[in-house]
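Asks: Quick one, fold the following:
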Amino acid sequence: MAGRADSGQRAGAGRAPAVTDPAHVRNVVLVGPSGAGKTTLVEALLAHTGVIPRQGTVLDGTTVCDHDPAAVRQQRSVALSVAPFVHDGTKINLIDTPGYGDFVGELRAGLRAADAALFVIPASEGHEGSVDPATVAQWEECAEVGMPRAVVVARCDHARASLEATIDACRDAFGAGVAPLYLPIRSADGGLADLYGLLSQTPEGAAPDGADDARGELIEGIIEQSEDESLMERYLGGEDIDVATLVDDLETAVARGSFHPVVPVCASSGIGLDALLEVVVGGFPSPLEHPLPRVSGVDGSSHDALAADPAGPLAAEVVRTSADAYVGRVSLVRVFSGTLRPDATVHVSGHIPVQRTPSDDGVPGEVADDNGHDVDERLAHVYSPLGATLREVDSCIAGDICALTKLGSAETGDTVSAADHPLLLQAWELPDPLLPVAVVAHSRGDEDALIKTLSKIVAADPTLRLERNSETHQTVLWCMGEAHADVVLSRLRAGGAEVDTEPVRVPMRVSLARKGRVTGRHVKQSGGHGQYAVCHVEFEPLPRGSGFVFASKVVGGSVPTQFVPSVEKGIRAQLERGLTAGGETAYPVLDVKATLVDGKAHSVDSSDAAFQTAGGLALREAAEVCGTVLLEPLDDVRVRIPDEHLGSVLGDLSARRGRVLGTEVAGLGRTLVVAEVPAVELLRYAVDLRATTSGTATFTRTFARYDAAPASVGA
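Replies: Below you'll find the model as predicted:
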């Protein structure tokens, strides 16, 4: 049939499935908790459709999708991977994503590349009466963007599997739109022998108890969610609706994102695989039916909305970047419009990510380059990825997913478009990495390798932020959590950079403790012109946030007018160099007023440099006379949590010396807590909050102000 996919793919054939019509493509992302069986399900489907000769296992590290060395070592997915195959003339790109919360960036990339989501829920979870809370949060995230969803109940051969309880748990967690398309047919020993189709009512004579009631609920749900009023009238009138009509309405309801069929699957026996494939092909939307990201010119100018048209303007997006030891940088690309062909010249444009850096006054801020980056590059080959395997193809049309190699400038999130028609797709939203890890080269010989490897890893991972702190002189990697940090460190070492970690240091500040008058005296005579400057300065602390204030009350010309600014300049320079607060480390000084009240000058030996030095010496003397107080940065922290965890989170914030400023109702049974918390108490908050709330809470942090630190902090 024209436009349908031709697999040409059997074990060892080496050919990739080809497709010429977006209508015959399904891009499906697998979502679910770590250990649910997503990767195992992909293996079963690849073997079932003849792509691989036998299933690999996660425990043995032999699966197609978990090819990253870190994934093999941790025995769980740590990166997005694509596995395409053909069923009934349709190319299905399965996008396997990690289930652990640290790798949410990979999940977001998978959602961007997909047109529908399969939530994989292990049957053993249902036996415990609930669905993993983090999975419920992911479901809500998909609901917010209208992503069509279905549920796969996996691991039905598990010793504690309870399929019926799992379906009930999914309904409780995901809402009334969840309904099974199949019921289990039990064997004599109670195991899963087959599935009974509620719509097709097959196999005949094998209907389990309650099948008629379940079928009625299913049909009513399909018709209601598809909003087919005429069909509802026919059904309520007693008319027997044919299966083909119900399937059409099922596809409509699923595409609307309001109806979510449930399919039980046993990967080891293959039960349910054909049923799942029917849902994917017949129920999920093609790229033609899924809304595309907004697009603009690279200068931000408006542009007409795109369509999944192979003949349209080229607009593709890099959803993941990785490095291969043999072919170099590999860019995994979803083509939204147009067609990618080998040997074409393309334009690569991207958004520069916001980086947190210290500003001139030392206060953490955010700096972004709104111009992004733009460059033309020439493609060599276009590949169809199968895990880590790249198979060359003649083209990649709108709606399909491919891999490109050696795009030297391409980073995750970049847009690939035609060189004569450059475009920029709207960036997708990613959470901020909030776990800092300070890294240092193990030896001098590792420093160059560390710098080189860091740049590659940061370009590939949009959830990783690199900070080179000029105050603490540390290289800090901001990660999503400990598992993410472990993967990043392992990739650094695999890239040839032997690295160590060290405690993260939080930049502090100092202010004066009380008011006092001091003398800055710089008098030297060493032949020829000497240096002579004396200034009497009154220093006093100011309220937090006041900054530095300088005033002059000099009368009678004791300090010549031209040297008054020199005193101020010298004090400002010493403010930046800093003062100690009872320890050895000097910190920049905040919230101080200096009033020049008197001084002395020499007609020959006084100079701008001499009075600058005297001003700096005056501030250092003030530290002895007035005393100092250590200031620590406080962050504005906003925590969004399920209501059942409110008490434990409030208690934890209090233990971190946090001050709760208020709470707000955040909807969906959640509360937003707003607090001020010392930055030094937040170094591991990303890890601890996940543990406290089972991964269901999120938080943001921004610099608020500096305040006096307790003696224990400066100890």
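Asks: report the longest helix in the chain, please.
Replies: Longest helix in the chain by number of residues (criterion: DSSP state H): helix 608-626.
Asks: could I have it exported to CSV, CA atoms only?
Replies: Extracted C-alpha coordinates of helix 608-626, given in CSV (Å, rounded to 0.1, in the frame of the first residue of the first chain):
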residue,chain,number,x,y,z
ASP,A,608,45.7,59.4,43.9
ALA,A,609,47.4,56.1,44.5
ALA,A,610,48.5,57.0,48.0
PHE,A,611,44.9,58.0,49.1
GLN,A,612,43.5,54.9,47.5
THR,A,613,45.8,52.8,49.6
ALA,A,614,44.9,54.8,52.7
GLY,A,615,41.2,54.3,52.1
GLY,A,616,41.7,50.5,51.9
LEU,A,617,43.8,50.5,55.1
ALA,A,618,41.0,52.4,56.8
LEU,A,619,38.5,49.7,56.1
ARG,A,620,40.9,47.0,57.3
GLU,A,621,41.4,49.0,60.5
ALA,A,622,37.6,49.3,60.8
ALA,A,623,37.4,45.5,60.9
GLU,A,624,39.5,45.5,64.1
VAL,A,625,37.8,48.5,65.7
CYS,A,626,34.1,47.9,64.7
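Asks: Any buried residues in that helix, and which?
Replies: Buried residues in helix 608-626, counting neighbours by 16 or more other CB atoms under 10 Å, are found at 610-619, 621-623, 625-626. Any C-beta I mention is one placed from the backbone N, CA and C, and that applies to glycine too.
Asks: what packs against that helix?
Replies: Here helix 608-626 touches strand 509-512, strand 516-524, strand 531-541, helix 564-577, strand 579-580, strand 592-600, going by 3 or more CB pairs under 8 Å, 6 or more residues apart in numbering; DSSP states H and E.
Asks: Let me know the average pLDDT across that helix.
Replies: Averaged across helix 608-626, pLDDT comes to 96.
Asks: Tell me which helix or strand comes right after it.
Replies: Sequence-wise, the next helix or strand downstream of helix 608-626 (DSSP states H and E) is strand 628-642.
Asks: now that next one, how far from the centre of its chain.
Replies: 22 Å (CA atoms, centre = their mean, to the nearest Å).
Asks: Stretch 205-212 too?
Replies: With CA atoms, centre = their mean, you get 45 Å for stretch 205-212.
Asks: contact partners of that stretch?
Replies: For stretch 205-212, contacts defined as CB atoms under 8 Å, 6 or more residues apart in numbering pick out Leu183, Pro184, Ile185, Arg186, Asp194, Tyr196, Leu198, Gln201.
Asks: which one among the residues you listed gets closest to Gly257?
Replies: Using CB to CB, Leu198 comes nearest to Gly257 of the contacts of stretch 205-212, at 21.4 Å.
Asks: that older thread, which one of the buried residues of helix 608-626 sits closest to Gly496?
Replies: Nearest to Gly496 among the buried residues of helix 608-626, with distances taken as CB to CB, is Gly616, at 44.8 Å.
Asks: That closest one and Arg572 touch, don't they?
Replies: No - using CB atoms under 8 Å as the test, Gly616 is too far from Arg572 to be in contact (9.0 Å).
Asks: now, of the helices and strands packed on helix 608-626, which is deepest in the fold?
Replies: Neighbour counts (mean count of other CB atoms under 10 Å) averaged over each of the helices and strands packed on helix 608-626 peak at strand 509-512, with a mean of 24.
Asks: So which other helices or strands are in contact with it?
Replies: Looks like strand 509-512 contacts strand 531-541, strand 586-587, helix 608-626, strand 628-642 (3+ CB pairs under 8 Å, 6+ apart).
Asks: Of those, which is nearest Val82?
Replies: Taking the helices and strands packed on strand 509-512 one by one with CB to CB, strand 628-642 is closest: 31.5 Å.
Asks: what about the next helix or strand along the chain from the closest one, average pLDDT?
Replies: Using DSSP H and E, the helix or strand that directly follows strand 628-642 along the chain is helix 646-655. Averaged over helix 646-655, pLDDT sits at 96.
Asks: Give me the angle between the following helix or strand past helix 646-655 and helix 646-655.
Replies: As assigned by DSSP H and E, the chain's next helix or strand after helix 646-655 is strand 659-667. Strand 659-667 and helix 646-655 are oriented at 160 degrees to each other (axes from the mean of the first three to the mean of the last three CA atoms, to 10 degrees).
Asks: Where does pLDDT dip in the stretch 451-600 of the chain?
Replies: Along the stretch 451-600 of the chain, segments meeting pLDDT under 70 span 527-528.
Asks: Which among the helices and strands packed on strand 509-512 is found nearest to Leu276?
Replies: strand 628-642 (30.9 Å).
Asks: ranges for the strands of the stretch 401-550 of the chain?
Replies: 401-405, 415-418, 423-425, 435-441, 465-469, 474-479, 499-502, 509-512, 516-524, 531-541, 548-552 (DSSP state E, counting those that start in this stretch).
Asks: Include distance to Asp598 when you put those into TSV, please.
Replies: Shown next, in TSV, are those (distance: least, CB to CB, whole Å):
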stretch	distance to Asp598
strand 401-405	72
strand 415-418	65
strand 423-425	62
strand 435-441	47
strand 465-469	40
strand 474-479	43
strand 499-502	48
strand 509-512	20
strand 516-524	9
strand 531-541	4
strand 548-552	10
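Asks: nearest to Tyr706, of these?
Replies: With CB to CB, the closest approach to Tyr706 among these belongs to strand 509-512: 5.1 Å.
Asks: Give me the contacts around the closest one.
Replies: Contacts of strand 509-512 (CB under 8 Å, 6+ apart): 362, 539-542, 578-581, 586-592, 622-623, 626-633, 706.
Asks: ok, 6 Å please
Replies: Strand 509-512 is contacted by residues 539, 541, 579, 581, 587-592, 626, 628-629, 631, 706 when judged by CB atoms under 6 Å, 6 or more residues apart in numbering.
Asks: Looking at these, which is nearest Val136?
Replies: Checking the contacts of strand 509-512 one by one against Val136 (CB to CB), the nearest turns out to be Tyr706, at 39.0 Å.
Asks: The closest one against Leu631, yeah?
Replies: Yes - the criterion here is CB atoms under 6 Å, and Tyr706 meets it with Leu631 at 4.1 Å.
Asks: in the helix or strand where Asp249 lies, what counts as buried?
Replies: Taking DSSP H and E as the definition, one finds Asp249 inside helix 243-255. Neighbour-count burial for helix 243-255 flags Leu246, Val247, Asp248, Asp249, Leu250, Glu251, Thr252, Ala253, Val254, Ala255 (criterion: 16+ other CB under 10 Å).
Asks: For Met480, give me phi and psi.
Replies: phi -80, psi -20 (degrees, to the nearest 10).
Asks: How about it: what's its closest non-neighbour residue?
Replies: Asp102 (4.5 Å; CB to CB, 6 or more residues apart in numbering).
Asks: With adjacent residues omitted, what lies nearest to Val327?
Replies: Counting by CB to CB, 6+ apart, the residue nearest Val327 is Thr405, at 4.8 Å.
Asks: unless I'm mixing things up, the one you found is touching Tyr326, no?
Replies: No - Thr405 lies out of contact with Tyr326 (CB under 6 Å); the separation is 9.8 Å.
Asks: more crowded one of those two?
Replies: Comparing Thr405 with Tyr326 by other CB atoms under 10 Å, the one with more neighbours is Thr405, at 17 against 6.
Asks: Report the beta-bridge partner residues of that one.
Replies: Beta bridges link Thr405 to Val330 when assigned by DSSP bridges.
Asks: Val78 and His67 touch, don't they?
Replies: No - with contacts counted by CB under 6 Å, Val78 stays clear of His67, the gap being 10.5 Å.
Asks: Compare these two (neighbour count), which wins?
Replies: Val78 (25 against 16).
Asks: who are the neighbours in contact with Val25?
Replies: Neighbours of Val25 in contact, by CB under 6 Å, 6+ apart: Val19, Lys91, Ser286, Pro287, Gly399, Asp400.
Asks: in which helix or strand would I find the residue nearest to it when sequence neighbours are not counted?
Replies: Excluding the flanking residues, the one nearest Val25 by CB to CB, 6+ apart is Gly399, at 4.6 Å. Assessed by DSSP H and E, Gly399 sits outside every helix and strand.
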